[in-house]
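[1] test case, fold it:
(chains A and B)
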Amino acid sequence: DSGVTQTPKHLITATGQRVTLRCSPRSGDLSVYWYQQSLDQGLQFLIQYYNGEERAKGNILERFSAQQFPDLHSELNLSSLELGDSALYFCASSIDSNSNEQYFGPGTRLTVT
Amino acid sequence: QQPVQSPQAVILREGEDAVINCSSSKALYSVHWYRQKHGEAPVFLMILLKGGEQKGHEKISASFNEKKQQSSLYLTASQLSYSGTYFCGTEFSGSARQLTFGSGTQLTVLP
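    Residues are numbered from 1 along each chain as shown, chains lettered A, B, ... in the order given. Reported below is the predicted structural model:
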């Protein structure tokens, strides 16, 4: 158990819908990262937050957005969902924004039908 | 740019050694190694920083060749528990602290 929690574990929704994925980092960690893992794309970095502020942005679609709240939990919002958005979404946390080990949560499996 | 991992897959017997390579066409600041078992989250193994030393963790160690922008993960006397997919994640010099992961190396250790 990494100490990072993610909810929900599974999500099944229809195309065009909007969903919110939630992540709580390990106690004491200030940085949160979001990743998308699909069979054909591998593990793709989406976005990083550090202490409530956006720190780095990867291949995140405009339909996706995220935020980190004062209590350091983070939410990833996915809207206008397409079939291709079906994937495993991981949240990871680290102690700060430098090159430290990242601890991954168990992931949310999103299926868009 | 995504780092290139090789081999794509390897099958070993318990007790055998394996080497997994990760190379980049861009200058690297650091290389991170993770292992992911089927249906589970990636688990951190180690980080190698530019100018840093070779790291080791029990029978798993890694090196970072800054000149060649390459890292290698060495698994010695492999155990059944080493089975999984190994990913290298690279941070590029001058970029924000984001990891670009390779496509993974699937390692299977047989009894």
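
[2] residues contacting stretch B:36-51, please?
    Contacts to stretch B:36-51, defined as CB atoms under 8 Å, 6 or more residues apart in numbering or on different chains, come from residues A:2, A:43, A:90, A:99-107, B:28-35, B:54-57, B:60, B:62-64, B:66, B:71, B:73, B:83-87, B:93, B:104. Every C-beta, even on glycine, is put in place using the N, C-alpha and C of the backbone.

[3] give me the subset of those lying in strands.
    Secondary structure assignment (DSSP state E) places A:43, A:90, A:103-104, B:28-35, B:55-57, B:60, B:62-64, B:71, B:73, B:84-87 from the contacts of stretch B:36-51 within strands.

[4] out of those, which end up buried?
    When the ones in strands among the contacts of stretch B:36-51 are checked for burial by 16 or more other CB atoms under 10 Å in any protein chain shown, the buried set is A:43, A:90, A:103-104, B:28-35, B:55, B:60, B:62-64, B:71, B:73, B:84-87.

[5] contacting residues for residue A:8?
    Counted by CB under 8 Å, 6+ apart, residue A:8 has contacts A:21, A:108.

[6] who does residue 109 form a beta bridge with?
    All of this is about chain A. Residue A:109 has these beta-bridge partners by DSSP bridges: residue A:10, residue A:88.

[7] look at chain B instead
    Using DSSP bridges, the beta-bridge partners of residue B:109 come out as residue B:12.

[8] could you measure from it over to residue B:21?
    Remark: distance between residue B:109 and residue B:21 (CB to CB, to the nearest Å) = 18 Å.

[9] for the two, indicate the residue with more neighbours.
    Shown here are residue B:109 and residue B:21; by other CB atoms under 10 Å in any protein chain shown, residue B:109 has more neighbours (20 against 16).
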